[in-house]
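> the amino acid sequence is not available; the structure is as follows:
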């Protein structure tokens, strides 16, 4: 019976660590506004130029 509780606690800890690592390295994946989203929001401000993008060459 104890192994079920220990297993549940272990899974919870590892899940939290995985989320924290994803949030740090890929914030957009977990719903945190990162650099890319902020650049997109700034480019939608009226009267401002969008920053160059790699697909602009096509």
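Arrived safely, thanks for sending. Every value quoted in this text rests on a predicted model; they were computed, and no experiment measured them.

> alpha carbons only for contacts and neighbour counts from here, please
Fine.

> and residue 21, which of the three is it?
helix (DSSP: H, G, I helix; E, B strand; the rest coil).

> what about it, how many neighbours?
Summarising burial for residue 21: neighbours were counted as other Cα atoms under 10 Å, giving 12.

> same check on the one 5 residues further on?
Residue 26: 15 surrounding residues under other Cα under 10 Å.

> report pLDDT for it.
Per-residue pLDDT puts residue 26 at 85.

> against residue 57, how distant is it?
Distance from residue 26 to residue 57, counting by Cα to Cα, to the nearest Å: 27 Å.

> same question for residue 34.
Counting by Cα to Cα, the gap from residue 34 to residue 57 is 25 Å.

> now do the strands in this protein.
In the chain, no strands are defined using DSSP state E.

> most centrally placed residue in it?
Against the mean C-alpha coordinate of the chain, by Cα atoms, centre = their mean, the closest residue is residue 27 at 1.9 Å.

> the residue nearest to that residue when sequence neighbours are not counted: neighbour count?
Distance criterion Cα to Cα, 6 or more residues apart in numbering; nearest residue to residue 27, sequence neighbours excluded, is residue 34 at 5.6 Å. When counting by other Cα under 10 Å, one arrives at 15 neighbours for residue 34.

> same question for residue 6.
A count of nearby residues for residue 6, using other Cα under 10 Å, gives 11.

> and for residue 53?
For residue 53, the neighbour count with other Cα under 10 Å is 7.
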